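S.K.: Predicted structure and sequence below. I'll ask about it afterward.
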Amino acid sequence: MTHIIVIGGGLTGLFAGILAADQGAEVTITMKGRGGLALSHGCIDVLDRSAPSRALSSLSEHHPYKLAGKNNLQDAISRFRDLMQQAGYPYSGKLSKSMSLLTAMGSIKRTCFAPAGIAQGDLNSGGQIVLGRFASFRDFYPDMIQIQARKAGIKIAKIIDLPLLEPPSHRDGYPMDFALRFEDSSWLSEIIRMWRPLLPGVKRLGLPAVLGLQNHCEILEELEDSLGIEVFEIPSLPPSIPGIRIERILLRQAQALGVKIIEGAGAIGRVDGRSRGKRVSGVVLHSINRTIQFDADAVLLATGGILNGGLVAQQDHRLRESVFDLPVDYPPNRLNWVGMSLFQQQAYASTGVFVNSRMQPIGFDEKPMFNNLFAAGGLLAGSDRSFEGSRQGIDLATAHCAVYEALRLS
Amino acid sequence: MSSLSTQVLVIGGGVTGLGIAWDAALRGLKVVLVEQSDIGQGTSGRHHGLLHSGGRYVLSDTVSAQDCASENQILRRIASHAIEDTGGLFVSTPADPVDYPDQWLNACSQLNVPAEEISLPAMLDREPLLNPRISRSFFVQDASIDSFDLSHALVKGIQERGGVVLLRHRLERFSIHKDHLVEAKIRDLTTNKSQRLSASIFINAAGPWAKNITEMAGLELPLALGKGTLVAMSNRLVNTVVNRCKPPSDGDIIVPVGTVAILGTTDTPVEEPTSLAIEPWEIDLLLAEGDLLLPGLRDCRPLRAWAGIRPLYQPAAESMSQTRALHRAHVILDHEETDGLQGFISAVGGKLTTFRLMAEETVDLICDKLEIDQKCTTSSTPLPNETGNFFSLPSRLDKLERQDHHATDDQIVCECELVMRSNLEDALENSVTGADLDDLRRDLRMGMGPCQAGFCAYRTFAISSEFSSTPTSIKGIRDFLDERWKGKRPVAWGSTLQQMEFSRRIYLDLFAASRNSEDRP
């Protein structure tokens, strides 16, 4: 049986681990900290265009989507949706047309796929929107959303204060404190009883994305059925409940497939001495009190970009890949890594590890560094994901591509 | 065009101009101050936050040393709310000249600048992170001072005494009548309307822009500009100001200010008041020099960097190459004496610690000219806002911890600096002009901690739009975030760059606040 080590426990690493295990591989996922899902919005951004699938062809030849190919993107998304569907957390959307979502700032965000509860807020369909406010929740401000949405031509009909029973601390309640309240069914029935008289004439209610954790869909259904309205969620500041829902579903699925998960151990290099020719024979993991070697038939790097530690930017003007010191191309003066505005395209965010169409890291001579080393996700060069709105699409497509290429080795 | 007349027109809203206007108002003069941008936007708001003990100058500039020592004591009395009584150390590292400390200590005692040698164990007891290889250590009366708190108190004082402070008003031109400066044309940059302002005396307190002001009156001003770069580290690191005991040079000081430590400074001659670009070598130098004081500092996280411009009066003979070596004390130029133009005075140079003295001397001259017999009272008049206590860092936390978590209706808006919703609401209610995000930052330190507004910019923007009748567009928050971004750009590596990328995840991935977001869907 092929043994694959996946380095990284974010969307890319967990998804890749599940795909590989599902194909019969023996899989170990190792993670230094926690992946980036709790920082995400829970949607699958493919490309910030009105018709993403059509726009894919205009991307540069070195773009991760171009390298992985459209089939990998389509297959990856359908696998991801199957996984979420089976876990009772279905996604809607299509590759050919973006949905438009109201953000917690009142701006309009385009995305391709969103969990049903968020997708119900698609501004391209549905009725007039009313927003609900939880007085003690400090990351959701319907007044501002209303003001800014109006500037974008979206009318918010009304804002309603919705009481919560024994709300989390007003001072610094976190999204998880709210989400866990909703998991309590007697609490939920009480809330519904309190809200019912406040919602006459309301058809579509937008709330912060804290409506439960693992039983979110049941909670949403209960709210909608009992109140006789449509309810949708709007994601706000991290920690993100929709992101954590994905993380938990993927972790549970990986465990169910027998994936071995090692937490708190970062990969620090490949196993030396036994690497024959262009093969990696394993990785060295470092945890708090020891260093361990793991042998593997294939290694998948899913360590992420600058934020998650896959790339390390140094004061000495060097920008390094953190595990294998793979070649990275970047401006020689560190001042040129970053532009003058947060909102422009950034050199540091567009760079990373170069791969071929099999997701093998390549050198400046374009030849694979090792035959059995693969890379996917935020680590790859060729796209500023925040700027072009493509983060999760790239994670899924390149993970899918890398796993099937790794499995073809044996 | 409307017109206004006053006795004294002050040009420049830094501490120099504000100090002059405050002193003049206290003496009963009618005063108007114009500032082209906002309070403390120039050199005053860009310094390292040090209230000098005088120790820095005892061997290079004895006048400044003595002025600093006496003004230090005065400011502790009249502006204590803006001062944190950190105390200061002068320490001799292995890289510093061994004969310097004795000369220095001798000069301190001759000039009555209090300085006392302390033992190395006592030094390390006080500041455990200091280099254990430091050979000598002296305690001085340095402190850290918040120039925004000071400036705001001055503005309040001026207004309470009937003075007028006009922000976002730019001087367009002067009118001269028979060798007498009589009138200024001022443009309100918000409404774009101009007005004429006549005055008996015009005071040029424009700091690095002073030369541009004298040029409008057809006069030359020999002004040298020196750019100084500073780095704020994301932790406080020390509780005491730490100076290198050596002749003044690049990177010779660490000042604890609020939750951060500020490393100062470099010194590069520049041509323009707007030449504020920072080079990587300046940052590297400050971190390397700081590492001699606090070993390991270079691996700590820098929060942001900025530069300020030192305006220094430089009569023709002196060279342009070393601005720090120039005489650093202030100069009050009576243009009637130097150029034969009446009604025009330039107050040039100086430092934050001696702003009051500089104002006193300027207003003494004004009173002479106007034949008014009023003595200066600023040294004994506490500024408004004065609480009678020195600022102390943990006061916000202390207050918060005494409350019951669930009993309070208040919310934490900025976790890094512990700014509460009630602080924000008070600031919004008290703001006359309609506070923008940057005003709130200066008032409350909101957005100045490690996350550099990643979380609180959103919350503050939201809360302030609930208060405003004309809420700003998303462009307002973009501009604010870009200002924070620019300050982090010179130190964008390691965890600072990670934090920057995290802000992009929030404002691009999550909130879609990019430039093209307004013309959708």
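M.R.: The structure has been received and is ready for your questions.

S.K.: Tell me the spacing between B:Ile366 and B:Tyr313.
M.R.: B:Ile366 sits 19 Å away from B:Tyr313, taking Cβ to Cβ, to the nearest Å as the criterion. The C-beta positions use only the backbone N, C-alpha and C, and glycine is treated the same way.

S.K.: Which one of those two is surrounded by more residues?
M.R.: B:Ile366 (26 against 22; other Cβ atoms under 10 Å in any protein chain shown).

S.K.: What about A:Gln345, how many residues nearby?
M.R.: 13.

S.K.: so what's it up against?
M.R.: The neighbourhood of A:Gln345, defined by Cβ atoms under 8 Å, 6 or more residues apart in numbering or on different chains, consists of A:339, A:384, A:387.

S.K.: For the chain, give me the ranges with low pLDDT.
M.R.: All of this is about chain A. Counting by pLDDT under 70, the ranges of chain A that qualify are A:272-277, A:410.

S.K.: that's the other chain; I wanted chain B
M.R.: B:316-328, B:386-394, B:405-407, B:431-435, B:515-521.

S.K.: packing partners for the helix or strand where B:Leu33 lies?
M.R.: Secondary structure from DSSP states H and E places B:Leu33 in strand B:31-34. If contacts are counted by 3 or more Cβ pairs under 8 Å, 6 or more residues apart in numbering or on different chains; DSSP states H and E, strand B:31-34 sits against strand B:2-11, helix B:15-26, strand B:164-166, strand B:169-176, strand B:193-204.

S.K.: List phi and psi for the residue of chain A positioned farthest from its centre.
M.R.: Ranking residues of chain A by C-alpha distance from their mean position (Cα atoms, centre = their mean) puts A:Pro197 at the top, at 37.6 Å. Geometry field for A:Pro197 lists phi and psi as phi -70, psi -10, criterion degrees, to the nearest 10.

S.K.: what ranges do the helices span in the stretch 301-410 of chain A?
M.R.: Applying DSSP state H, counting those that start in this stretch to the stretch 301-410 of chain A gives helices spanning A:347-350, A:385-388, A:391-408.

S.K.: Point out the most buried one among these.
M.R.: Comparing the helices of the stretch 301-410 of chain A on average neighbours per residue, with mean count of other Cβ atoms under 10 Å in any protein chain shown, the densest one is helix A:391-408 at a mean of 26.

S.K.: Now do that one: distance to the chain's middle.
M.R.: 14 Å (Cα atoms, centre = their mean, to the nearest Å).

S.K.: now stretch B:329-342
M.R.: Average the C-alpha atoms of stretch B:329-342, do the same for its chain, and the two points are 26 Å apart (Cα atoms, centre = their mean).

S.K.: ok, now stretch A:237-248?
M.R.: Once both centres are worked out by Cα atoms, centre = their mean, stretch A:237-248 turns out to sit 9 Å from its chain's centre.

S.K.: is that stretch anywhere near chain B?
M.R.: Yes: where contact is defined by Cβ under 8 Å from any Cβ of the partner chain, part of stretch A:237-248 touches chain B, namely A:237-238, A:240.

S.K.: Quick check: what element follows whichever strand or helix holds B:Ala462 along the chain?
M.R.: In the assignment (DSSP H and E), B:Ala462 maps to helix B:456-467. For helix B:456-467, the succeeding helix or strand toward the C-terminus, using DSSP H and E, is helix B:474-488.

S.K.: Between helix B:456-467 and that following helix, find me the angle.
M.R.: Interaxial angle of helix B:474-488 relative to helix B:456-467 (axes from the mean of the first three to the mean of the last three Cα atoms, to 10 degrees): 150 degrees.

S.K.: Need the contact partners of helix B:474-488.
M.R.: Counting by Cβ under 8 Å, 6+ apart, A:105-107, A:148, A:338, A:340-343, B:303-306, B:436-438, B:441, B:447, B:452-453, B:457-458, B:461, B:496, B:499-500, B:503, B:507, B:513, B:515, B:517-518 sit against helix B:474-488.

S.K.: Stretch B:455-463 now?
M.R.: A:104-105, A:138-139, A:141, A:143-144, A:237, B:413-416, B:419, B:421, B:424-425, B:428, B:437, B:440, B:446-447, B:453, B:476-477, B:480-481, B:484, B:506, B:511.

S.K.: Report the buried residues of the helix holding B:Ala462.
M.R.: Neighbour-count burial for helix B:456-467, with 16 or more other Cβ atoms under 10 Å in any protein chain shown as criterion, is recorded at B:456-465, B:467.

S.K.: Tell me the one of these nearest chain A?
M.R.: Distances from chain A to the buried residues of helix B:456-467, taken as Cβ to the nearest Cβ, are shortest for B:Ala462 (3.5 Å).

S.K.: Please report the distance of the closest one from A:Asp82.
M.R.: The value you get for B:Ala462 to A:Asp82, if Cβ to Cβ is used, is 38 Å.

S.K.: List the contacts of the strand holding B:Leu33.
M.R.: Here strand B:31-34 has contacts from B:4, B:6-13, B:17-18, B:21, B:24-25, B:158, B:163-166, B:169-171, B:184, B:186, B:197, B:199, using Cβ under 8 Å, 6+ apart.

S.K.: show me what contacts residue 72?
M.R.: All of this is about chain A. If you count contacts by Cβ under 8 Å, 6+ apart, A:Asn72 has them with A:397-398, A:400-401, A:404.

S.K.: could you do chain B instead?
M.R.: By Cβ under 8 Å, 6+ apart, the contact list for B:Asn72 reads B:51-54, B:141, B:143, B:353.

S.K.: could you redo the last one with a cut-off of 10 Å?
M.R.: With contacts defined as Cβ atoms under 10 Å, 6 or more residues apart in numbering or on different chains, the neighbours of B:Asn72 are B:51-54, B:83, B:113-114, B:140-143, B:145, B:353-354.

S.K.: quick one: which helix or strand includes it?
M.R.: Short version, using DSSP H and E: B:Asn72 is in helix B:62-78.

S.K.: I'd like the next helix or strand past that helix.
M.R.: Following helix B:62-78 toward the C-terminus (DSSP H and E): strand B:83-84.

S.K.: packing partners for that next one?
M.R.: Using 3 or more Cβ pairs under 10 Å, 6 or more residues apart in numbering or on different chains; DSSP states H and E as the contact criterion, the neighbours of strand B:83-84 among helices and strands are helix B:62-78, strand B:143-145, strand B:253-257.

S.K.: Which is the succeeding secondary structure element to it?
M.R.: Remark: after strand B:83-84, the chain's next helix or strand is strand B:88-92, criterion DSSP H and E.

S.K.: out of the contacts of helix B:474-488, which are inside helices?
M.R.: Residues of those located in helices (DSSP state H): A:148, B:437-438, B:441, B:457-458, B:461, B:496, B:499-500, B:503.

S.K.: From those, pick the one nearest B:Asp339.
M.R.: Within the ones in helices among the contacts of helix B:474-488, the smallest distance to B:Asp339 is 37.7 Å, found for B:Asp438 (Cβ to Cβ).

S.K.: Now the closest one: closest residue in space that isn't a chain neighbour?
M.R.: B:Phe480 (6.1 Å; Cβ to Cβ, 6 or more residues apart in numbering or on different chains).

S.K.: Can you tell me which of the ones in helices among the contacts of helix B:474-488 is nearest B:Glu289?
M.R.: Within the set of these, B:Thr496 lies nearest B:Glu289; the separation is 19.0 Å, counting by Cβ to Cβ.

S.K.: Please name the residues that touch the closest one.
M.R.: Applying Cβ under 10 Å, 6+ apart, one finds that B:Thr496 lies in contact with A:313, A:315, A:338, B:234, B:301-305, B:450, B:452, B:488-490.

S.K.: Would you mind splitting the chain into its domains for me?
M.R.: The chain I'm using is chain A. Chain A breaks down into these structural domains: A:3-89+A:245-408, A:104-234 (assignment by automatic domain parsing).

S.K.: please go with chain B instead
M.R.: B:2-42+B:148-222+B:326-380, B:80-144+B:224-313, B:395-519.
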